[in-house]
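Trainee: A predicted structure for the sequence below; I have some questions about it.
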Amino acid sequence: MNPLKNLSVLRKLTQLASFVFLVYGSIWVGFYGADKLSHAFPALTCAYDAQTADYCVLVPIQHQMAHRVGTAVSTGNDVLKALLPTALSLGTFLLLFVFLNKAFCGWICPLGFFQEITHLLGQKLGLKQVETLKDGSVDRLRPWKWVTLGVLVFGLPVLAGAGVVAHDLGNPFCDICPSRLLTTLASGDTSQLFIDPTTPAKLILSMTGTFLFGLMIALGLTLRQPFCRVCPMLGLHAVFRKLGFARLIKNGSARCDKCGLCAKACPMDIREIHTDMTRRDVTFPDCTLCGRCVEFCPDSDVLQLRYLGLPLFRSSPAYFKTRKKAQGEWEAIRFIPSPTAQAAKRPPAQEQTGAQTQAKGVEE
């Protein structure tokens, strides 16, 4: 299959370019330009990375909740006035978000790209992969993106600013975010990889952040997108997903409830893509608009990626056959041959026995 006609390859190239720009972008735009470009990016780009070209909206929101809203609550000042900076941050976020919608997760986010590369590495090492999580596990994980958004991005910072909890909890999500460690380490900065024992809150947050980073890598070798499932940015995207120009559209047919290949292809295990036969807009809260479900749908025009109502990419039997063959060839490539492949290369037991008997006769 021509790589330039493979949607997954095009997405990986876009992710790679985005990673390079968002992690090292100040090399091209300058440090001043990088700082002023936007403080409300709809993806996990980290302010702790001194070379970044931008940083995500979760950074200013936490600071504003702590230093503006929390302070206003504790002093009795006008809380609505204190919310104005947050409204400006969310407004900037929306100006960017509407152009790509949740595709910022599936096509732009550096941490999402890193998790995909980690998973590919696990495949190539021959590690046993978790193809899909069980429905019960998926259902238990889904609320956590709202918990991390509500508690770590909004709740604890407000309480810290109001003096209810320790001041060190003013930006708790940044303190545990795997993107902080990823982007700083990628730019050669090891200062964020440490355990801070100065206060109980800092000790717990620094230990949690380091643990989550290691856990994400360990799980990512066998499980697709482990951190994305609980990421607060995914929740924030879900709140505004109806405003974005990009959408995943489904035109249900009599056959489209038979195979379930779309759900199996989904890295977020969204089974509703397969089971929901009534909705047209199937840009579900956990969707990242990666397009894999469209690639692996064997029926014509059942699934489409649309932009401003116009189809950009649609499912088709011809693409499905070519893509499935290319996927099989790609999955067959291993850095370390699997036990099955090694067993296939061995001579049959009978042949080995005959050879051993012949050798024994020669020795005698």
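Mentor: In hand now; what should we look at? Residues are numbered from 1 along each chain as shown.
Trainee: ranges for the strands of the protein?
Mentor: Listed in chain order, the strands of the chain (DSSP state E) span 246-250, 303-307, 310-314.
Trainee: what's the average pLDDT for the first one?
Mentor: Looking back up the chat, that one is strand 246-250. In this model, strand 246-250 carries a mean pLDDT of 96.
Trainee: can you give me the angle it makes with strand 303-307?
Mentor: 150 degrees (axes from the mean of the first three to the mean of the last three C-alpha atoms, to 10 degrees).
Trainee: which outside residues touch strand 246-250?
Mentor: Here strand 246-250 makes contact (C-beta atoms under 8 Å, 6 or more residues apart in numbering) with 99-103, 256, 273, 276, 279-283, 287, 289, 293-294, 302-307, 311. For glycine as for every other residue, the C-beta is placed from the backbone atoms N, C-alpha and C.
Trainee: what sits against the closest residue to Thr45 other than its chain neighbours?
Mentor: Leaving aside its chain neighbours, Thr45 sits nearest to Leu22 (4.5 Å; criterion: C-beta to C-beta, 6 or more residues apart in numbering). For Leu22, the contact set (C-beta under 8 Å, 6+ apart) comprises Phe41, Ala43, Thr45, Thr52, Ala53, Asp54, Ile108, Pro110, Thr183.
Trainee: do the same with Lys264
Mentor: Applying C-beta under 8 Å, 6+ apart to Lys264 gives the contacts Glu131, Thr132, Phe296.
Trainee: surely Ile195 meets Leu203?
Mentor: Yes. When contacts are counted by C-beta atoms under 8 Å, Ile195 is listed as touching Leu203 (6.9 Å).
Trainee: are any of the contacts of strand 246-250 buried, and if so which?
Mentor: 100-103, 256, 273, 282-283, 287, 289, 293-294, 302-307 (16 or more other C-beta atoms under 10 Å).
Trainee: and the longest helix along the chain, what does it pack onto?
Mentor: Scanning the chain for the longest helix, with DSSP state H as the assignment, gives helix 200-220. For helix 200-220, the packing partners by 3 or more C-beta pairs under 8 Å, 6 or more residues apart in numbering; DSSP states H and E come out as helix 110-124, helix 172-176, helix 178-186.
Trainee: how about that helix: buried residues?
Mentor: Judged by neighbour count (16+ other C-beta under 10 Å), helix 200-220 contains these buried residues: 201-202, 204-206, 209-210, 212-213, 216-217, 219-220.
Trainee: which one among those residues gets closest to Pro143?
Mentor: Leu212 (17.8 Å; C-beta to C-beta).
Trainee: list the contacts for the closest one?
Mentor: Contacts for Leu212 (C-beta under 8 Å, 6+ apart) come out as Ile176, Pro178, Phe227.
Trainee: distance to His237 added to the strands of the chain, as TSV?
Mentor: Formatted as TSV, the strands of the chain follow (distance: least, C-beta to C-beta, whole Å):
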stretch	distance to His237
strand 246-250	11
strand 303-307	16
strand 310-314	19
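Trainee: so which of the ones you listed comes closest to Met233?
Mentor: Met233 lies closest to strand 246-250 among the strands of the chain, at 16.1 Å (C-beta to C-beta).
Trainee: rewinding a little: tell me the buried residues within the contacts of Lys264.
Mentor: Buried among the contacts of Lys264 (16+ other C-beta under 10 Å): Thr132, Phe296.
Trainee: closest one to His67 out of the contacts of Lys264, please.
Mentor: Closest approach between those and His67, by C-beta to C-beta: Thr132, at 43.1 Å.
Trainee: list the residues that contact the closest residue to the closest one other than its chain neighbours.
Mentor: Leaving aside its chain neighbours, Thr132 sits nearest to Asp269 (5.3 Å; criterion: C-beta to C-beta, 6+ apart). Each residue near Asp269 by C-beta under 8 Å, 6+ apart is listed here: Thr132, Leu133, Val138, Ala263.
Trainee: what is the nearest of these to Pro85?
Mentor: Val138 (36.2 Å).
Trainee: I'd say the closest one and Arg271 touch.
Mentor: Yes. Judged on C-beta under 8 Å, Val138 makes contact with Arg271 at a distance of 7.3 Å.
Trainee: residues near the nearest residue to Val147 once chain neighbours are set aside, how many?
Mentor: Spatial nearest neighbour of Val147, excluding adjacent residues (C-beta to C-beta, 6+ apart): Val230 at 7.9 Å. Counted by other C-beta atoms under 10 Å, the residues lying close to Val230 total 18.
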